[in-house]
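Undergrad: Any chance you can model this:
(one chain, ligands or ions: 1)
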Amino acid sequence: MTIKIKQFVLLKRPVGVPVESNFSLKTETISGDLKENELHLRGIYYSVDPYMRGRMNGAKSYVAPFALNEPISGAVIARVVESKKSGLITGDFVFGQLPWATEMVVDSSSVRKIDVQIGKASDYLGVLGMTGLTAYFGLLKIGQPISGETVVVSGAAGAVGTIVGQIAKMKGCKVIGIVGSGEKEKLLKDRFHFDGMINYKSKDDLVHLIKNACPNGVDVYFDNVGGEISDAVIQNMNFQGRIVLCGQISLYNSKEIPMGPRIQPILLTKSILMQGFIVSNFTEQFPEGLAELSKWVKEGKIEAIETIIEGFENLPKAFIDLFSGKNVGKMMVMAKDIAL
Ligand code: NAP
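TA: Numbering: from 1, shown residues only. Here you go, the predicted structure:
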């Protein structure tokens with residue numbers, strides 16, 4: 001076997017919002033026969049996720065930084081072209097943390113087969129993947145919403161936010177979504193039946209907008225964005241409210257340490273729980289979460305929306321576009337040549 005592949009490497013660490021020149025597209029040749037347990041894969045769907053911005057900095061965090069001049073890696077759905085692993089055959093769909101490469105040879109232990117009877121292949125990057133599980137565990141295990149309570153979610157039209165809102169509605173809550181455009185407000189209202197929407201880019205005072213949308217106060221705040229939006233929600237929290245600290249995308253490109261109001265007096269006097277989490281904290285409970293999410297998708301109780309950008313070469317742009325809100329639902333890139 002001799003194949004020419006394309007792959008994206010991190011050329012320069014971004015300062016502020018990433019730009020396309022931070023990445024470089026390289027051509028490589030892979031040759032040689034597959035060894036026992038190896039797979040030759042072709043990438044089909046490539047996930048772009050906000051957390052990858054943190055990996056582009058040099059500093060160590062809960063995941064190691066990307067190395068310069070090495071391929072970026074992330075969640076990928078691929079198809080098996082050739083297999084030296086029993087139980088996996090040509091055409092099977094697999095999921096793994098794989099390089100941003102058009103094709104790759106990997107050990108079979110680095111991927112798992114996905115069942116495209118349960119959900120479509122791309123669902124495993126979204127509602128049946130990391131973002132769906134994040135919504136499920138963050139909301140239900142930390143937020144613990146009770147029927148009749150008010151749940152506010154920021155980043156509400158995104159991959160995590162749309163699932164959080166739908167689960168909260170299923171639990172009988174009043175759901176208010178915070179988003180960055182009028183089209184996204186309309187999507188939340190018409191498609192997902194949110195009870196209220198707030199456009200954080202409008203000129204009006206956010207604290208008052210939230211107060212008006214939540215006359216009974218906020219019981220659960222699912223925070224995907226941080227910064228001034230979260231400062232305004234926290235002003236409106238109720239006694240014994242819960243803040244689910246899921247993401248802080250508004251701060252990921254900060255060049256200086258972000259400063260904000262001291263929120264501890266509010267947390268103290270209102271006995272508020274504020275808990276950060278990484279979805280992998282719940283790894284042992286993933287089967288439970290996946291079973292529930294798959295059931296809800298099958299029953300039509302949860303709808304997953306996606307923004308799929310065609311063309312492997314658009315991966316850096318799709319990633320960068322997350323920071324200006326170009327996506328609704330799960331953002332991903334689909335390879336053009338997906339035939340085997
Ligand atoms: P997403 O919401 O699908 O996409 C990002 C969205 O963030 C954009 O569409 C944009 O929507 C909004 N945004 C971008 N810049 C913003 C800013 N400066 N201020 C306010 N909103 C901004 O992404 P996702 O995958 O669902 O992730 C959502 C959050 O959860 C991210 O912070 C991510 O890091 C976090 N996350 C955490 C975990 C975990 O384990 N804790 C797992 C997955 C994701 P608008 O048009 O509305 O601005």
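
Undergrad: Spell out which parts of this structure neighbour the ligand.
TA: With CB under 6 Å from any ligand atom as the criterion, the chain meets the ligand at residues 49-51, 130-131, 134, 155, 157-161, 179-181, 184, 224-225, 229, 246-250, 277-279, 322-323, 325, 327, 331. C-beta: built from backbone N, CA, C; applies to glycine.

Undergrad: Among those residues, name the ones in helices.
TA: With helices taken from DSSP state H, the overlap with these comprises M130, T131, T134, A159, V160, G161, K184, I229.

Undergrad: Can you give me the pLDDT of the fourth one?
TA: Looking back up the chat, that one is A159. A159 carries a pLDDT value of 98.

Undergrad: how close does it get to L268?
TA: From A159 across to L268, the span is 33 Å (CB to CB, to the nearest Å).

Undergrad: Show me what the mean pLDDT comes to for the helix or strand T27 falls within.
TA: Using DSSP states H and E, T27 maps to strand 23-31. Mean pLDDT, taken over the full extent of strand 23-31, equals 97.

Undergrad: Domain parsing of this protein, as residue ranges.
TA: Split into domains by automatic domain parsing, the chain comes to 2-125+305-334, 130-280.

Undergrad: Relative to W296, which of the ones you listed is closest?
TA: Between W296 and the domains of the chain, the shortest gap by CB to CB is with domain 130-280, which sits at 7.4 Å.

Undergrad: residue ranges for the helices of the stretch 151-300 of the chain, please.
TA: 159-170, 182-190, 206-213, 227-234, 264-269, 286-298 (DSSP state H, counting those that start in this stretch).

Undergrad: Next, format these as TSV and append mean neighbour count.
TA: Compiled in TSV, the helices of the stretch 151-300 of the chain are given as follows (neighbours: other CB atoms under 10 Å):
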stretch	mean neighbour count
helix 159-170	27
helix 182-190	17
helix 206-213	17
helix 227-234	20
helix 264-269	12
helix 286-298	16
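
Undergrad: quick one, which of these is nearest to M1?
TA: Comparing the helices of the stretch 151-300 of the chain by CB to CB, helix 286-298 comes nearest, at 34.3 Å.

Undergrad: how far does the closest one sit from the chain's center?
TA: Distance, stretch centre to chain centre, for helix 286-298: 17 Å (CA atoms, centre = their mean, to the nearest Å).

Undergrad: next SSE after that helix?
TA: Next helix or strand after helix 286-298 toward the C-terminus (DSSP H and E): strand 306-310.

Undergrad: Need the residues that contact that next one.
TA: With contacts defined as CB atoms under 8 Å, 6 or more residues apart in numbering, strand 306-310 is touched by 45, 122, 126, 317-318, 326-334, 336.

Undergrad: likewise stretch 197-206?
TA: The contact list for stretch 197-206 (CB under 8 Å, 6+ apart) reads 154, 156, 176-182, 184-185, 188-189, 209-210, 213, 228-229, 232.

Undergrad: go again using 6 Å as the cut-off
TA: Applying CB atoms under 6 Å, 6 or more residues apart in numbering, the external contacts of stretch 197-206 come out as G177, I178, G180, E185, L188, K189, L209, A213, I229, A232.

Undergrad: Just the CA trace of stretch 126-141, in CSV.
TA: Only the C-alpha atoms of stretch 126-141 are listed here, as CSV (Å, rounded to 0.1, in the frame of the first residue of the first chain):
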residue,chain,number,x,y,z
GLY,A,126,-22.8,15.5,18.7
VAL,A,127,-25.9,14.2,20.5
LEU,A,128,-24.5,10.7,20.9
GLY,A,129,-21.0,11.9,21.5
MET,A,130,-19.1,14.3,23.7
THR,A,131,-21.4,17.3,23.4
GLY,A,132,-24.6,15.3,24.1
LEU,A,133,-23.0,13.6,27.1
THR,A,134,-21.8,17.0,28.4
ALA,A,135,-25.3,18.4,28.2
TYR,A,136,-26.8,15.2,29.9
PHE,A,137,-24.4,14.9,32.8
GLY,A,138,-23.8,18.6,33.4
LEU,A,139,-27.5,19.4,33.5
LEU,A,140,-28.8,16.3,35.3
LYS,A,141,-26.0,15.5,37.7
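
Undergrad: Noted, bye for now.
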